[in-house]
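*Asks:* What would the 3D arrangement of this be:
(2 chains)
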Amino acid sequence: MINRIIDWAKGAISSRGKRKCSFPFINTFARFSEILVLNNKVLELIAEANDKLGGEYIFDRHYIETFCEEACDMVEKLIFALNEMAPGKYPALHDTFNKIRFDIEDILAGRQPRSEDRLVIPYSNINRDMTQEVGGKNAAIAQVGNFMGIRIPEGFAVTAAAFDMFMKENGLCQRIKEIAREWEQEKIDAVTASERIKPLIFAQRIPSRLKSAIEKAVSRLLKKKKGENIFFAVRSSAWGEDSEHSFAGQFSSILNVPPPGVTEAYRRVIASAYSPSALEYRRRIGYHEDEVVMPVACQVMIDAAKSGVLYTFDPVDPTTEVMLANATWGLGAPVVSGTTMVDEYRMERKFPHLVVESRISTKLKKLVLSKEGGTVIQDVPPRRQLAACLNKSELVELAETGLVIEKNFHKPQDIEFSFDRGGRLVILQTRQLAVKSLDAPTASELSGIRDKYPVIVDGCGTTAQEGIAAGPVHIVKDDRDLKDFPAGAILVTKFASPRFAAVLHRAAAIITEVGSITGHLATVAREYRVPAVFNCENVISLLEEGQEITVDAEEPAIFDGIVRELQYYALAEEPIEETYEYRLLRRVLKKIEPLNLVDPTEKNFSPEACETLHDIVRFVHEKSVQTIVDSGYYHPHDSGTAAGKLKLGVPIDLVVIDIGGGLDSLAQTGRKAVILPEQIMSVPMKALIAGIMHPGAWSNEPMAVDMGSFMSSLTRTFATEITSPQQLGQNLAVVSREYANISLRLGYHFTMIDAYVSENMNDNYAYFRFFGGVTDLDRRARRARFIGAVLSHYDFRVDIQGDLVVARIKKLEEEAMLERIYLLGLLVGVTRQLDVQMVNEKRITEYTEKIKQLMEDGHGKQKAT
Amino acid sequence: MENKKQLSILVLDDEPIVSKRLKPSLEKKGYSVETFTDSMTALQRVRERQFDIVITDLKMEGVDGMEFLTEVKKLWPDTEVIVITGFATMDTAKESFQKGIFDFLAKPFKLGEITEVIKRAEEKIRNR
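*Replies:* Now for the predicted structure:
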């Protein structure tokens, strides 16, 4: 369509007597149009890929490869198009793009991206997808801390790349391999092999880059703790260690290491990979010696008052539905190694976790921290020897926490914990618990559950995150009323308000009557893996507070009571999010999706600062708008186009460039030219301006009060004294008689409108895209839903993905088209500060109604035509 | 579902995730499911017994999906075949329909979409 307009405009310009034709601007505009089309396509492609992670789709590796290829291809085309518009101006863009593309290729090939061979990573930057890089133990504990709101020790991981560096230094790797081979061929025994390998490791110099990386990470933590006396626990986090082969107890953990000793402790932990027992163990389970990769965990030592281990199921008889906890005074090492007497507790898995059994033993000794570092064994004072380590409320807290972790990992868990001297629960480690007899129910058992349990809802609602959950219903009427949300409850509510994200990690599942599966809450539900069903009509009236139900989000279905078959089924299945394809898609998306470049006035708005494909897309778009404004308005070389600034009653700093018949021929044009609204001849542009100027759109009641904050949100567009508008990202309209293309940046959101309106209804179309904003996600999401609701009501085909709203309409009669474009103008007026207004869900309906009212009061038609 | 005979489904796709994802979900809905990632083994299996529904990918190593479904239809004309493919073209779709398949789905698809197709196939089978 755009090509047709360009062809037409070329003709129109050349036939225009007064302004003689030359082609440069129209060529620039052609590239610009290409950029807009590609820009939209890439954003939609990325949003679609993100949707695939919801669990509803079946996709394979082929899809991921095709997606990456397409995205890279389009972005490369974008860069070429920008280069044609502004030749040679952004050479660094190509290098940045190639770097990102190589990273994506590395990820697809199962390699660590070369730009990311980090030696040390702080826990706050680790997530569950980094198992390869940081090892299972690190990835799991960081996931607990970063995504479940549970206290873990602060710390950092020394990565697989660090291990690799250490082993490659001075050919160590080769020498170890030779010894290991002798052992594998049974020429020497494990003890001899270990005795020969270990001295090599101890004699090895720690590469200076690695040494300084570890020291830096340690001193960063020291600084953060402001002179507090901190020590470290240095533990292995080897590949495969916490997987189906637990390697439990095979590798060293070194406790209470003073800061200067961390590097040495690191070496000792590495050496433990070659202990005789580790060698034997690997042989028994069929691990090759070249599969040894040992990332290491360095955690700030917790001064534990008491410690222990929690099993979220009884591994011997899981059907008893209890959790098991062992605990003792002081540090937990003796509990794990089985060298001391411990208390044993059993709590019910279901809320409120009644303690069904406590076996208190005589605890004579305890392991505690030594002041100088290391640990010492102390006598337990007589009055505490027979006292229970854990009280009821501690056990309940432990049980709740254990279930949150289990839910997130979708598997029974084996969890190491401590209560520190301040009485705070800290999780030290978690891994999958092997529960042998937790058999998955058979197909016929599963298909029979509908006869066995009353079905409350069947097939109603949409799946935002799949999964199975059981628990008591907790109905929330007001999204601010979340203080006492009980852990393990099923949140039932009217709207999928992003505010619920705050309690999602405690909820077993969430069911709403209204909600978008591409909204913010759905994204968070996916992150936390909380089963979520939206748009489940009248569900609130079907359920009672406290009623125990089971939700199967995949169907979606809700059963009365706890359906054990489904629960066991869920625990027996490999979580879909853990499959290779999901992990792969998440990893490549990290190089593609996040947008870091927002503000063009910031210094780092440069090709070098682009970290993702989305950043490049954003950069290209901004610079293309700038180029077109520059060549069509500030420095026009082309007498065939006319341009000027639109003078409107509202502050919308808009340059209008005419490519043929879009402006009155009497209109002044040029650098200082001012265009009056009545001089606009472009049919769609006229309708849009009428919409923007609709009484009540730009200044109505609640907003008038808020004019101050509105103006402040616009200052970036208007601070002309400080910076020239060229650098700010100019608002731009390119028009002809039947066509208008408008790029707006108001505050921090971007609106793009592309429309063609003529008497021939088959050619008519309008495209609207709205995206961005840096206000809080809650309000942004509401604004997106509001825009979607309005546009659907007026027959647009609407897609909302994340904070991207895309709406299309075509082939309407001229009058009907203009009415829709008028509506877009109205929305431009209303939405620019709307995120400020979107304080709750009710506002969505209020504003939708308001827009309808504004459209229906007659102005729509009159003004538009 | 009380007195109805359990329907049998064979799933063939060389990408293991497809079977991994479909099997539990279909079993939960009451179907008995066998999955294969190797078309040769799947072919041996369909020679042994009839499945009510066969779900197959088109592009695979060894025996190609088109050959596989041709063989299935030859052996068991009553078996309903559903094709799933990431390389959908008009030609492959046309060719598959000419061979008498029940439906054709382009990957990636939603779980709900394939369930819907399977349900329709089931209805057709039960109404025979």
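*Asks:* interface residues of chain B facing chain A?
*Replies:* B:1-2, B:6, B:13, B:15, B:17-18, B:20-22, B:24-25, B:27-33, B:86, B:107-112, B:114 (C-beta under 8 Å from any C-beta of the partner chain). Placement of C-beta: from N, CA and C, glycine included.
*Asks:* let's go with 7 Å and repeat that
*Replies:* With the criterion set to C-beta under 7 Å from any C-beta of the partner chain, chain B comes near chain A through B:1, B:15, B:17-18, B:20-22, B:24-25, B:27-30, B:32, B:86, B:107-112.
*Asks:* Helices - which of these land there?
*Replies:* Among these, the members falling in helices (DSSP state H) are B:17-18, B:20-22, B:24-25, B:27-28, B:111-112.
*Asks:* Let me know the closest of those residues to chain A.
*Replies:* Ranked by distance to chain A (C-beta to the nearest C-beta), these are led by B:Glu27 at 3.9 Å.
*Asks:* so what's the residue of chain B found nearest chain A closest to, chain neighbours aside?
*Replies:* In chain B, no residue comes nearer to chain A than B:Gly30, which is 3.1 Å away by C-beta to the nearest C-beta. If you skip the residues right next to it in sequence, B:Gly30 has A:Ser447 as its closest partner in space, 3.1 Å away by C-beta to C-beta, 6 or more residues apart in numbering or on different chains.
*Asks:* Can you list phi and psi of the one you found for me?
*Replies:* Per-residue torsions, A:Ser447: phi -70, psi -20 (degrees, to the nearest 10).
*Asks:* Now that it has come up, it's in contact with B:Val33, right?
*Replies:* No. The criterion here is C-beta atoms under 7 Å, and A:Ser447 misses it with B:Val33 at 11.6 Å.
*Asks:* could you pull out the helices for the stretch 751-865 of chain A?
*Replies:* A:777-793, A:814-831, A:834-837, A:842-856, A:859-864 (DSSP state H, counting those that start in this stretch).
*Asks:* got it, and chain B?
*Replies:* Under DSSP H, chain B gives helices at B:16-28, B:39-48, B:65-75, B:90-98, B:111-126.
*Asks:* Can you add mean neighbour count and give those helices back as a markdown table?
*Replies:* A markdown table is the format used below for the helices of chain B (neighbours: other C-beta atoms under 10 Å in any protein chain shown):
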| stretch | mean neighbour count |
| --- | --- |
| helix B:16-28 | 21 |
| helix B:39-48 | 15 |
| helix B:65-75 | 18 |
| helix B:90-98 | 13 |
| helix B:111-126 | 16 |
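*Asks:* and these as TSV, adding mean pLDDT?
*Replies:* Putting the helices of chain B into TSV (pLDDT from 0 to 100) gives the following:
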stretch	mean pLDDT
helix B:16-28	87
helix B:39-48	94
helix B:65-75	94
helix B:90-98	87
helix B:111-126	93
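*Asks:* Distance to A:Lys350 added to these, as TSV?
*Replies:* Listed next are the helices of chain B as TSV, based on distance: least, C-beta to C-beta, whole Å:
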stretch	distance to A:Lys350
helix B:16-28	23
helix B:39-48	43
helix B:65-75	47
helix B:90-98	50
helix B:111-126	29
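*Asks:* Can you give me the domain boundaries for chain A?
*Replies:* Annotated domains of chain A cover A:2-22+A:639-864, A:154-300, A:304-423, A:443-572 [automatic domain parsing].
*Asks:* Averaged pLDDT, the last one. What do you get?
*Replies:* Within the predicted structure, the mean pLDDT of domain A:443-572 is 85.
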